[in-house]
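K.L.:
model the structure of this input:
(2 chains)
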There are 2 protein chains.
Amino acid sequence: MARNPNLPPSERRLTRIRYVLARRQKDLTLVLSNIHDPHNVSAIYRSCDAFGVHKVHLHYTDTAFPTLGRKSSGSARKWVETVRHKDRDALAAALREAGSYVIATGFSETARPLTDFDFTKPTAIIFGNEHDGVEDELKEIAHAEAYIPMMGMVQSLNVSVAAAVTLFEAWRQRNEAGMYDTPSFPPEELAALEAAWCKR
Amino acid sequence: MARNPNLPPSERRLTRIRYVLARRQKDLTLVLSNIHDPHNVSAIYRSCDAFGVHKVHLHYTDTAFPTLGRKSSGSARKWVETVRHKDRDALAAALREAGSYVIATGFSETARPLTDFDFTKPTAIIFGNEHDGVEDELKEIAHAEAYIPMMGMVQSLNVSVAAAVTLFEAWRQRNEAGMYDTPSFPPEELAALEAAWCKR
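P.N.:
Predicted coordinates:
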């Protein structure tokens, strides 16, 4: 049942909201580009929520933006901000403005393993379509390419699995660096977010 | 199209088989217990294949063993050995015989974060049903309980995502320790496996 947004949140919920917002990473984001299966998109939102990603960029140029079912995202879409882009240049401008180091996922010859990267820097990681991966046009706006080390007979992972593993590695590095110990948002921004979240 | 098993494998395939077998981890295994959705089971097999798990234990007591579609497992089930157990004691005996440190996944008060564990030791990690997690009876045969650190509003991850993240952490530790640099199987066992895999 939906909560009545005119009522203040319970003490328990408020504590949770504060706990989560204090750990949201302002400068760690994903770009989901033309990922068709809404289950994959929903699963990625759950991982974003779990590992503290504040905002996700959707880049959909060859299909409509995904509609996320409440069931498979477990309502995570409610707690992760979404920015929609219909073209590459708008996306590139947003990432540049945020000062992000942009990593495309893929298997080019110049790609390096995930664990080679420093995820404590402001970072955006691009995940592409299930079949075609990140398109060349998008790779052009990336500073580097990363792959998840795999040593099996089947050389692919589901995109939602790949995103979760990548976010876990980013979390691991940032956690070691103490980046989840102090809020990444300044106090006034945190207060505004808290007020907004309490109404959700 | 299926390969004709009477023909020798191509040079490229043989090279791949040797590469993969040289990295298979004899002493890292998962236990999948009563996981109902075959898509989840298939996705977990893909992660096992990718991160070099040689063998998986299925523990199904309240339902039939899963039938894995070729599509969602991407044929990974062909390259990961499966041992089936219909009761806990058979499973416990197998894990004991392998000398495994047994980790159940869950959120008990005594559970510790994934990154606290030393996955370079012989290890078996138990994943339970999508809704109920690892059942108490199985927790009894575990030495410890591990959870994936999550700091979101939605406190759960899909079981296939949780398994992938766990295997990635195990891979990361083992890779740092050089455990993928030399085969974990003795030469004669490796040769027997190679002969068997060439016929698949």
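K.L.:
can you map out the strands along chain A?
P.N.:
With DSSP state E as the criterion, chain A has strands at A:25-33, A:53-59, A:81-85, A:101-105, A:112-113, A:123-127, A:144-147.
K.L.:
buried deepest among those strands, which one?
P.N.:
Comparing the strands of chain A by mean neighbour count (mean count of other CB atoms under 10 Å in any protein chain shown), strand A:123-127 ranks first with a mean of 26. Just so you know, the C-beta spots here come from the backbone N, C-alpha and C atoms, and that holds for glycine as well.
K.L.:
any idea of the angle that one forms with strand A:101-105?
P.N.:
Strand A:123-127 runs at 20 degrees relative to strand A:101-105, counting by axes from the mean of the first three to the mean of the last three CA atoms, to 10 degrees.
K.L.:
and chain B, is strand A:123-127 touching that?
P.N.:
No - Strand A:123-127 lies apart from chain B when judged by CB under 8 Å from any CB of the partner chain; the minimum separation is 13.9 Å.
K.L.:
helices or strands up against that strand?
P.N.:
On a contact count with 3 or more CB pairs under 8 Å, 6 or more residues apart in numbering or on different chains; DSSP states H and E, strand A:123-127 meets strand A:25-33, strand A:101-105, helix A:159-176.
K.L.:
relative to chain B, which of these is closest?
P.N.:
Between chain B and the helices and strands packed on strand A:123-127, the shortest gap by CB to the nearest CB is with helix A:159-176, which sits at 4.4 Å.
K.L.:
how far out from the middle of the chain is the closest one?
P.N.:
Computed by CA atoms, centre = their mean, to the nearest Å, the chain-centroid distance of helix A:159-176 equals 10 Å.
K.L.:
okay, and the helix or strand of chain A with the least pLDDT?
P.N.:
Across the helices and strands of chain A, the lowest-confidence element by mean pLDDT, DSSP states H and E is helix A:70-73, at a mean of 58.
K.L.:
and the residue sitting nearest the centre point of chain A, what is it in contact with?
P.N.:
Ranked by distance to the mean C-alpha position of chain A (CA atoms, centre = their mean), the top residue is residue A:30 at 3.6 Å. Residues near residue A:30 by CB atoms under 8 Å, 6 or more residues apart in numbering or on different chains: A:44, A:48, A:53, A:56-57, A:124-127, A:163, A:167.
K.L.:
between the residues you listed, which is closest to residue A:186?
P.N.:
Checking the contacts of residue A:30 against residue A:186 by CB to CB gives residue A:53 as the nearest, at 18.6 Å.
K.L.:
next one: the closest residue to that closest one other than its chain neighbours from residue A:169, what distance?
P.N.:
Closest residue to residue A:53 apart from its sequence neighbours, by CB to CB, 6 or more residues apart in numbering or on different chains: residue A:28 at 5.6 Å. With distances taken as CB to CB, to the nearest Å, residue A:28 is found 11 Å from residue A:169.
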